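Asker: coordinates only, sequence not included:
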């Protein structure tokens, strides 16, 4: 992206030519990878032409003329926002999400909306109403989820920048499985206004791109207090990458049980790289990682079941054609509109919130959430960052786990505790296993995006994992 | 399914009830953690609620918002008859 900006500035090509380059790649490869739900060719070229006609006067915006793709849960006025669901397949939002508005104001040119798991519920992008996304490194593998379309679009060179959202790992896991860089910011760093809700105490929008420096620049365009989101934080702590030469990096070896041994090897090499950079590695313990997954499914499903109660077929979204009365209309519209995974979560959520089970499930999960968060806070008394795996294995085969919800949920073992604790974490490539990219995450204390990004940038200055791209022309033809 | 307002067919019901059994068994893993005396945590980040000035704004355009509704008439949302049914 740095190069694109320089080239646009030097007029090596116009914003229109740049937009057309990405549109051409989308039309060449998207039918097989399926990472876009909506491509806004007309809007994109119009906007690029605007920049070209005002060249010189409007190029002060930091992301002027740079293409971007928005995950299809960010509302875009005038363009469909489907959340990859039959429920919202015809929904056109009357307003832009704050993230969309802010990135637009910084000069980005939107290519369209990316595919995702339905309502962001999934770890493989197989629950989308619009069909699964395929991993550009191997089309039989999943790209991860729920921001699978965003990760695959960046990895396959269909966009240099993408927005995603992370509730239990939905930016970090697909970034890892597709070999791109993605950040889950601290809860509250990025406004949730206009971002369709899944689990409101966990949902957080964030940037995805090829490198940590690009991720930083996109975060700079997205972040900041928003009066329209009452949980958006009003903090002064900057996201500016820090170049600290002697960090203490925590290494939670105890959670490596069950980790693919080749991935463990990649993490081990990354650890050595950080030591070579002058940082100190220190063992840390992260308690209750296993129980955190269970607590996460209780809390996120409970929040989802209440958030998704709004889809009643009255004000927007799908309405069943025939119904006997109001209740019948609600039931039929919801049953037709939601896919199986969404129903599974709603039922799990309503069950754990129901009278008689509330204490045993919901309150118990909130207590575990405190223990998990406090575990991190204790660890951060002694370390600046924590280095951890993102996924237990490289990208798995399509349809290999989608009939086994528990196994699918376990894919988020390493990302969920961070989400429960509301911490920022950068997922960045650190190697390959069987020709598939794998990532690691750098986790920081609340609002320490600057330290996390600084660590990622330093690592990427001495490695080139993030510069590897799948050979789509060779495997798919152009 | 009254709380979830879902009407599942027999096939989905069978499938989901097996899944839910497995999920409930899985989440009971939480019982292995001793949480005596632990306060529940609703939000991970301790922040003060940022307040804004209490001022009325008139940004909602009924026409725009209702243009995406399945059924409306004269500025109202239309739903199946509720009265006379019970």
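Answerer: Good, I have the coordinates. For clarity, every value in this text was computed on a predicted model and none was experimentally measured.

Asker: Output the below-cut-off pLDDT ranges for chain A.
Answerer: A:56-59, A:478 (pLDDT under 70).

Asker: ok now do the residue of chain B at minimum distance from chain A, which residues does it touch?
Answerer: Closest residue of chain B to chain A, CB to the nearest CB: residue B:44 (2.9 Å). The C-beta positions use only the backbone N, C-alpha and C, and glycine is treated the same way. Neighbouring residues of residue B:44 by CB atoms under 8 Å, 6 or more residues apart in numbering or on different chains: A:187, A:201, A:369, A:373, A:420, A:421, A:422, A:423.

Asker: Give the closest residue to it in space, chain neighbours not counted.
Answerer: Spatial nearest neighbour of residue B:44, chain neighbours left out: residue A:422 (2.9 Å); criterion: CB to CB, 6 or more residues apart in numbering or on different chains.

Asker: which residues touch that neighbour?
Answerer: A:186, A:187, A:188, A:202, A:373, A:446, B:43, B:44, B:45.

Asker: Just to be sure, which of the residues you listed are found in strands?
Answerer: Residues from the contacts of residue A:422 lying in strands, with DSSP state E as the criterion: none.

Asker: Hmm, residue A:140 is touching residue A:395, no?
Answerer: No. If you go by CB atoms under 8 Å, residue A:140 and residue A:395 don't touch, sitting 9.3 Å apart.

Asker: Of these two, give the one with the bigger neighbour count.
Answerer: residue A:395 (28 against 12; other CB atoms under 10 Å in any protein chain shown).

Asker: surely that one meets residue A:136?
Answerer: No. When contacts are counted by CB under 8 Å, residue A:395 is not listed as touching residue A:136 (10.2 Å).

Asker: Show me the common contact partners of the two, please.
Answerer: Any residue near both residue A:395 and residue A:136 by CB under 8 Å, 6+ apart counts here, and that gives A:143, A:178.

Asker: Report the separation between residue A:125 and chain B.
Answerer: From residue A:125 across to chain B, the span is 19 Å (CB to the nearest CB, to the nearest Å).

Asker: buried stuff in stretch A:85-100?
Answerer: Going by neighbour count (16 or more other CB atoms under 10 Å in any protein chain shown), the buried part of stretch A:85-100 is A:85-89, A:91-100.

Asker: closest to chain B among those?
Answerer: For the buried residues of stretch A:85-100, the residue nearest chain B by CB to the nearest CB is residue A:94; the value is 4.7 Å.

Asker: does the closest one count as helix, strand or coil?
Answerer: Here residue A:94 is recorded as coil under DSSP: H, G, I helix; E, B strand; the rest coil.

Asker: Do I have it right that it meets residue B:68?
Answerer: Yes. Counting by CB under 8 Å, residue A:94 touches residue B:68, with 6.9 Å between them.

Asker: how much space between the residue in chain A that chain B sits nearest to and residue A:189?
Answerer: Relative to chain B, the nearest point of chain A is residue A:422 (2.9 Å; CB to the nearest CB). As judged by CB to CB, to the nearest Å, residue A:422 and residue A:189 stand 10 Å apart.

Asker: Tally up the residues packed near residue A:20, please.
Answerer: By other CB under 10 Å, the residues close to residue A:20 number 16.

Asker: Lovely, talk soon.
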